[in-house]
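J.: structural data only, the sequence is not supplied:
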Ligand code: ADP
Ligand code: MG
């Protein structure tokens, strides 16, 4: 028989330890709370030290306001805060903290020493707490400000310890938090030491200065400024298209000076790069969003990691437009117009066509007048257009592969398949976005194709009938285990319909990451099937038509999968390669 245990009220110490788990997961969370407190206190300097991954010791010292001596015990009590007084204050909160939980939570699972002195007072005081119990309070000399030392974190919570990663991993997570917080307040001078070694030092200056200190001068050089003022103001700096990273973790999102995680906004940024950087790669940088305090709810996560916007879609689109505008005006190819691909010994090494030539030449005196011709730009909303190519004149085809063209005195090589793919893809996406009537842009097949795909998939295709017809496909179930396609999008008229439909159906099974993602994926698939093959011979008229279409396509320097479609060798590069003096 199961013994029925009586219900008991937990002692405060136990209750606190349980609650602490929500706020304090790992050393990095301690560091975050302590540094946020320091920032809230108006500090201009914050010094952080981590030892043994933060499990041995974490120290955060600031030169901020300090805590009045009489409040010392209160500071480490749960739900004790100087930052809000009534519930309504939460909606107006400007400080990073407001829950009054952090110090209590940390004190519940460590040995904590809090030493502080306010500016006016003659001397300071120090409080020593272990696992939630105040052990001692002493007078302590020292400069104004606060110093919190946390030792033996989780020593009395073996369960928590088991979930931690290696000392090195915990240390690096903690350092990352310090760096990210430094970015939220670039005007504050930070130092962070890990096991005695300085791993981060910011001087307290502009955001760009702080970014440089955090990510290094090289990575910083590849950033382009974001600058969109307004009620929803966007700032910071994001990587230009030729610089990208394997993971998404290089993007720091800051909302009203608060470090946050927000999937939707990160996706908005990622999406702005679609077609500009290779698939599976990600931009990096720091994006700041400033909105009126009342339009964002910061009280939705115990560790305040997430925020909720009253108008998330609005923020999403403003952010995306700001990214587009920045990317569009960036020297998309090669930072500052440098030509890193031409090596000093004169050989030409092409690592990635992104890094040669430049896409957006209107703003600089570069090449003949034709460079500034931007046909697609004329009618399109200015901020929505990624980098454009200059007008291209077809010269011919190399064998049955690359197209050779010129743009003024720049030699241009074009991958016809990648270029055509991009043109078709862009058309398809625009068609869907602008809600072109279904019938137009659809091509009836003289010979409908039947694709055997099994009953499950056939049923799914039937479910997706509307989705497909918006594209211009007409696909319907044809018996229990097959579908029949009677029309394809006009742009895909050149494709082998059977292979295309078969692949479309196969892709239906892929886990969907939202309709937008899917829309782009299917557009890329259709474009890939419909585009001219690499190896197809094109006559000069077809070549010129393709080049004209490419020039009119935003972001035409890459195919939808992010592979380059264009390689530009400008006059300066050629001169360098042939060791001719520059003009
Ligand atoms: P919260 O930050 O949510 O108010 P905390 O538990 O983090 O709660 O801190 C409790 C209180 O202790 C704060 O409201 C603040 O008054 C005081 N405090 C904590 N750290 C500092 C600091 N570094 N400088 C000045 N005051 C501090
Ligand atoms: Mg706090």
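T.: Here it is on my side, so go on. What you are looking at is a predicted structure, and each value in this text was computed from that prediction instead of being measured. Ligands and ions are numbered 1, 2, ... in the order given.
J.: show the contacting residues for residue 56.
T.: 151, 152 (C-beta atoms under 8 Å, 6 or more residues apart in numbering). Every residue, glycine included, has its C-beta placed from N, CA and C.
J.: confidence score at it?
T.: Residue 56 is assigned 96 on the pLDDT scale.
J.: residue 460 too?
T.: 79.
J.: part of a helix, is it?
T.: Yes. Assigned with DSSP: H, G, I helix; E, B strand; the rest coil, residue 460 falls within a helix.
J.: just give the nearest non-adjacent residue to it, would you?
T.: Leaving aside its chain neighbours, residue 460 sits nearest to residue 508 (5.3 Å; criterion: C-beta to C-beta, 6 or more residues apart in numbering).
J.: repeat for residue 149
T.: Residue 149 sits nearest to residue 113 (C-beta to C-beta, 6+ apart), 4.4 Å away.
J.: I figured residue 139 was touching residue 124, is that so?
T.: Yes. Residue 139 is in contact with residue 124 according to C-beta atoms under 8 Å; the separation is 7.4 Å.
J.: surely residue 192 is within a strand?
T.: Yes. Membership of residue 192 in a strand is supported by three-state DSSP.
J.: beta-bridge partners for it, please?
T.: residue 48, residue 200 (DSSP bridges).
J.: same question, residue 290
T.: Going by DSSP bridges, residue 290 forms beta bridges with residue 233.
J.: thinking again about what came up before, given the helix or strand that the residue nearest to residue 149 is a member of, what are its sheet partners and their directions?
T.: Using DSSP states H and E, residue 113 maps to strand 111-117. Counting by DSSP bridges, the strands paired with strand 111-117 are strand 124-130 (antiparallel), strand 145-151 (antiparallel).
J.: and ligand 2, which of those strands is closest to it?
T.: strand 145-151 (10.6 Å; C-beta to the ion).
J.: what about the stretch 301-450 of the chain, any weak spots by pLDDT?
T.: Scanning the stretch 301-450 of the chain for pLDDT under 70 picks out 330-388, 435-440.
J.: if you set the cut-off to 90 instead, what comes out?
T.: 301-308, 310, 312-313, 317, 324-325, 327-391, 399-400, 408-410, 422-450 (pLDDT under 90).
J.: what does the stretch 101-250 of the chain put close to ligand 2?
T.: Residues of the stretch 101-250 of the chain lying close to ligand 2 by C-beta under 5 Å from the ion are residue 102.
J.: equivalent analysis for the chain, please.
T.: 37, 97, 102.
J.: kindly recompute the last result at 8 Å.
T.: Counting by C-beta under 8 Å from the ion, the positions of the chain adjacent to ligand 2 are 33, 36-37, 40, 81, 83, 95-103.
J.: show residues contacting the longest strand seen in the chain.
T.: In the chain, with assignment by DSSP state E, the single longest strand is strand 442-452. Residues outside strand 442-452 that contact it (C-beta under 8 Å, 6+ apart): 472-474, 478, 481-490, 492-493, 497-498, 501-502, 505.
J.: partner strands of that strand, parallel or antiparallel?
T.: Sheet pairing for strand 442-452, using DSSP bridges, gives strand 482-489 (antiparallel).
J.: ok so, going back, for the longest strand of the chain, which positions count as buried?
T.: Neighbour counts using 16 or more other C-beta atoms under 10 Å place 442, 443, 449, 451 of strand 442-452 among the buried residues.
J.: now the protein against ligand 1: closest residue?
T.: Nearest to ligand 1 in the chain, going by C-beta to the nearest ligand atom, is residue 97, at a distance of 2.2 Å.
J.: which non-adjacent residue is nearest residue 526?
T.: Spatial nearest neighbour of residue 526, chain neighbours left out: residue 492 (5.0 Å); criterion: C-beta to C-beta, 6+ apart.
J.: how much space separates the one you found from residue 570?
T.: 35 Å (C-beta to C-beta, to the nearest Å).
J.: go on, residue 499?
T.: On the measure of C-beta to C-beta, residue 499 and residue 570 end up 39 Å apart.
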